[in-house]
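Engineer: here is the input, now give the coordinates:
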Amino acid sequence: MKKLLLCSLLVVSPAHAKGIFTEGDELLLQTSVWTKHYNPEPDHNNHQKMINLEYYFNDEVKFFVNPEQTSWRDDVRWLVGGATFKNSYDQQSTYVYGGGRYDYALGENTKAYAKLTAGLLYGYRGEYKDKIPFNSLGVAPVILPAVGVQHRRVNLELVPFAAAGVMINAGFYFR
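Structural biologist: This is a model prediction of the structure:
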């Protein structure tokens with residue numbers, strides 16, 4: 001886990017310095033700080049040891065926009081990401097996804113947001129393979145909503161994961 005965190009930081013610092021990111025792009029590094037299963041089982045793991053990396057495109061990147069009219073989609077901040085974590089049954093898992101985030105200004109340096117991501121989840125194997133839907137091939141489609149608050153470069157996020165539980169993540173933005 002420490003090696004992954006160190007590698008993430010080493011990748012982030014030179015990428016920004018060499019101009020790989022464009023003005024307005026952001027990289028969010030997150031970890032899980034609390035998890036609760038709604039119906040806990042004795043073999044449930046509530047310590048995910050998650051490392052999540054999200055890349056936010058600058059405001060100029062627009063998808064699903066109709067140039068002839070304005071709508072809420074004009075304000076969506078698009079993102080791609082990936083996470084590695086211990087799943088509910090202590091198996092190393094990976095979630096690779098894309099999505100969007102809609103911000104609500106709360107102040108000059110603070111905003112609340114709603115986020116929706118969709119992607120593929122790998123890692124539920126063996127006797128736990130059927131614990132998530134559509135996992136017959138070992139990879140399952142996943143849609144995760146989240147709500148959060150960001151103050152300057154720090155964020156706190158609440159992520160419900162289906163009918164199984166809820167997780168709180170904390171993160172830091174690299175700009």
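
Engineer: Thr35 touches Val166, doesn't it?
Structural biologist: Yes: counting by C-beta atoms under 8 Å, Thr35 touches Val166, with 7.4 Å between them. In short, each C-beta sits where N, CA and C put it, glycine included.

Engineer: look at the two and report which has more neighbours.
Structural biologist: Thr35 (22 against 13; other C-beta atoms under 10 Å).

Engineer: now do the SS call for Tyr104.
Structural biologist: When classified by DSSP: H, G, I helix; E, B strand; the rest coil, Tyr104 comes out as strand.

Engineer: for it, which non-adjacent residue is spatially closest?
Structural biologist: Of all residues not flanking Tyr104 in the chain, Ala112 sits nearest, at 4.6 Å (C-beta to C-beta, 6 or more residues apart in numbering).

Engineer: which residues in this structure form helices?
Structural biologist: Secondary structure of the chain by DSSP state H: the helices cover 2-17.

Engineer: relative to Val139, how far out is Arg101?
Structural biologist: Distance, Arg101 to Val139, by C-beta to C-beta, to the nearest Å: 25 Å.

Engineer: what about those two, which has more around it?
Structural biologist: Counted by other C-beta under 10 Å, Arg101 and Val139 do not tie: Arg101 has more neighbours, with 21 against 15.

Engineer: hmm, Gln48 and Lys86 touching each other?
Structural biologist: Yes: with contact defined as C-beta under 8 Å, Lys86 reaches Gln48; the gap is 5.3 Å.

Engineer: between those two, who's got more neighbours?
Structural biologist: Gln48 (22 against 19).

Engineer: mind listing what that one touches?
Structural biologist: 32, 35, 85-87, 167 (C-beta atoms under 8 Å, 6 or more residues apart in numbering).

Engineer: dump those into a markdown table; add distance to Glu108 as well.
Structural biologist: Shown next, in a markdown table, are these (distance: C-beta to C-beta, whole Å):
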| residue | distance to Glu108 |
| --- | --- |
| Ser32 | 29 |
| Thr35 | 32 |
| Phe85 | 34 |
| Lys86 | 38 |
| Asn87 | 39 |
| Met167 | 29 |
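
Engineer: fine by me, we can end here.
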